[in-house]
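Trainee: structure for the following, please:
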Amino acid sequence: MGDNDARRSDRPAEGDAERGPRHRRRHRRGHRRDPLAPVTRPRRLNLDLPVTEPLAPEEQREMCEHLSFMRQFKPHLGLALNATEDLLVNGAQPPADRGVCKHLLSKLDRRAVERALGREAVRTDPGLRARLLAGVVRITPEVGTLLAYLEALTWVTDKRDAAAAFGATIDRIDFTAVSATQMAALLDVINKTFDAHERVQALFGLLASESFSQALGRTLEALPAAVRDTFAPLSAAYRAVVMGTAVRNSEEQQLAERGVSAWLEAPERILKGYPVEMRQRLVRYALGSANLSAIAKPARILVDSLPRGDPDAVNLGVALFDRLLASKQDDLARGLLNSMLQAHPKLGSIMRRQEALSWQRLGRLALAPDPRTSGRLRRAFSLDLPGFVWARISGREHADRLAAEADLQTDLLTPGVAECLGQGYGAEGTAYVVIAWGGLPLDQGFVRRLGLGEALAFALQGVRILNALASAGVQIPDSSMERFLSDRTAPSLRLADLDGAVRAPVDACRARLGELVQSFSRQILSRPDVPTEVAAAVRGQTPPARLARLLAAHAARSWDRDAGDSGES
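Mentor: Below is the predicted model:
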């Protein structure tokens with residue numbers, strides 16, 4: 001129980017001490033029985049009708065209630081009444097004349113209400129204040145009066161009744177005319193009436209109203225700092241997640257992050273009770289959050305609660321797993337993956353990640369047990385990216401050289417060279433370089449299965465890559481096909497292994513280019529169906545540019561011949 005709650009429960013209404021415990025209990029129960037009556041009971045009295053129109057029976061009954069209220073609080077209201085009005089208020093004369101009733105009620109204006117609320121007896125007694133305002137809002141439901149009534153209820157009734165009164169009252173407020181002071185009062189009522197997650201829902205319900213949203217935006221900077229500090233982040237979170245509005249600057253991004261963190265502090269049952277679309281939006285926001293560690297657990301709860309057959313749920317779950325790994329929350333990531341595996345035991349993307357987590361670790365790298373290569377590149381899973389990658393590994397004695405080669409590859413923007421995605425160290429100084437996934441290492445088994453046109457095209461790609469590397473001033477000691485990755489689904493080539501690569505003058509690189517080009521071409525084109533002209537060029541010392549043109553011409557003829565043989569035009 002907070003300080004405010006303690007004050008509410010411990011503070012008796014004026015006069016209760018003399019009347020004893022039984023009366024106090026009866027008074028509280030009586031107040032709780034119908035705390036919404038002032039704002040929910042329909043108004044029957046129509047003061048807009050002509051004054052000559054007699055009051056209907058139901059209007060007379062309502063007017064009698066107003067007169068009873070004015071009689072009870074007559075000392076506090078201090079209204080100046082004429083003789084006829086005094087007879088009405090004292091109950092000596094029944095209400096019948098519409099014009100007289102209208103004139104009497106008009107005296108209960110804002111100034112009269114403020115004067116009554118400022119009196120010592122009303123100001124220091126929350127119970128008296130709430131009862132007075134309950135009668136006032138039945139007569140004049142002006143914005144300031146409604147807000148004052150809501151604030152008074154937070155002192156004299158429990159939060160359930162106050163929350164119900166809030167919902168019933170808020171629909172009666174015209175937010176286009178709300179001032180900064182009134183907005184601060186309303187937000188203060190929300191603070192006192194609702195617990196943390198309920199406060200979020202109360203505000204979001206209001207923000208769904210365009211007039212409230214505009215009023216809050218208009219008055220936000222003028223609000224007290226404490227109020228602004230609570231509601232500005234929630235408002236930013238609503239815009240970012242519910243409305244999908246792009247944040248405009250880093251300050252707004254930080255506000256939204258704080259608001260979402262507060263939003264996700266709700267109990268698990270509340271999080272799971274949100275509509276599916278809202279849960280998906282929250283997860284998507286969490287995925288892009290710079291503060292994922294603070295909201296990782298509720299984000300996982302949201303993912304687990306999504307319908308199992310929904311493809312979006314799987315994609316969001318895998319994406320969250322990847323983000324958790326990248327932020328080094330391995331245990332939480334593993335728990336999420338196990339949960340997803342139970343829901344989708346045969347889904348490839350989940351099974352592959354589950355398998356990768358069981359591989360041998362080298363720092364933040366998980367190494368596949370089957371190299372699938374002759375040793376240049378290792379299949380691996382990077383926990384930092386995260387994702388499947390190729391890796392180069394060296395012992396401590398070559399760690400510095402590997403790091404220099406990684407820096408060189410990172411800086412290269414040369415077409416056909418695989419991207420270096422990072423580097424790290426394992427136990428005892430073992431070093432590794434992470435290289436972007438994309439195909440499998442090129443080997444003779446694959447090359448032998450290529451058609452002639454494909455083989456010529458592969459040789460041409462290799463020549464172009466080696467030429468681009470030389471033009472960038474990078475020299476490699478050899479052009480072994482094992483340095484290259486090949487995408488088997490859409491045949492393409494990338495240089496992945498820059499073992500021994502160094503910076504060198506472009507002229508020196510070009511001087512060695514012919515040797516590298518011919519060596520690579522011979523590895524690809526050592527086959528009997530290679531045209532004689534191409535075979536001779538590969539064996540001799542053909543300039544790289546001429547060899548490239550020759551390969552391109554024969555590759556085109558080969559494709560044309562293959563298309564003709566298959567009946568294509």
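Trainee: all contacts plus neighbour counts: C-alpha atoms, from now on.
Mentor: Will do.
Trainee: from the contact counts, what lies against the strand or helix carrying residue 354?
Mentor: Per DSSP states H and E, residue 354 falls inside helix 348-357. Contacts defined by 3 or more CA pairs under 8 Å, 6 or more residues apart in numbering; DSSP states H and E place helix 348-357 against helix 330-343, strand 365-367.
Trainee: residues in contact with it?
Mentor: By CA atoms under 8 Å, 6 or more residues apart in numbering, the residues outside helix 348-357 that reach it are 318, 337, 338, 340, 341, 344, 345, 366, 367, 368, 380, 381.
Trainee: could you dump these to a markdown table with distance to residue 545?
Mentor: Below are the contacts of helix 348-357 laid out as a markdown table (distance: CA to CA, whole Å):
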| residue | distance to residue 545 |
| --- | --- |
| 318 | 47 |
| 337 | 52 |
| 338 | 55 |
| 340 | 54 |
| 341 | 53 |
| 344 | 53 |
| 345 | 53 |
| 366 | 42 |
| 367 | 40 |
| 368 | 40 |
| 380 | 37 |
| 381 | 39 |
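Trainee: max pairwise distance over these: which two?
Mentor: Within the contacts of helix 348-357, two members stand farthest from each other by CA to CA: 344 and 367, at 24.8 Å.
Trainee: who's more crowded, those two?
Mentor: Neighbours were tallied for residue 344 and for residue 367 using other CA atoms under 10 Å; the higher tally belongs to residue 367 (23 against 16).
Trainee: thinking the more buried one is in contact with residue 377, fair?
Mentor: No. With contacts counted by CA atoms under 8 Å, residue 367 stays clear of residue 377, the gap being 10.8 Å.
Trainee: so who does the nearest residue to residue 476 once chain neighbours are set aside touch?
Mentor: Distances taken as CA to CA, 6 or more residues apart in numbering place residue 501 nearest to residue 476, at 4.5 Å, with adjacent residues excluded. Residues in contact with residue 501, defined by CA under 8 Å, 6+ apart, are 405, 474, 475, 476, 477.
Trainee: then residue 523?
Mentor: Residue 523 sits in contact with residue 481, where contact means CA under 8 Å, 6+ apart.
Trainee: look up how far residue 248 lies from it.
Mentor: Residue 523 sits 55 Å away from residue 248, going by CA to CA, to the nearest Å.
Trainee: show me which residues of the helix or strand following the helix holding residue 354 are buried.
Mentor: Note on helix 348-357: by DSSP H and E, the next helix or strand toward the C-terminus is strand 360-362. In terms of neighbour count (16 or more other CA atoms under 10 Å), strand 360-362 has its buried residues at 361, 362.
Trainee: partner strands of strand 360-362 and their direction?
Mentor: Paired with strand 360-362 in the same sheet, following DSSP bridges, are strand 365-367 (antiparallel).
Trainee: now do the partner strand, average pLDDT.
Mentor: Mean pLDDT, strand 365-367: 94.
Trainee: hey, where'd the helices end up in the stretch 101-250 of the chain?
Mentor: For the stretch 101-250 of the chain, applying DSSP state H, counting those that start in this stretch gives helices covering 110-117, 120-123, 126-139, 143-156, 159-170, 180-193, 196-207, 210-219, 225-237, 250-263.
Trainee: among those helices, which is the most enclosed?
Mentor: helix 143-156 (a mean of 24; mean count of other CA atoms under 10 Å).
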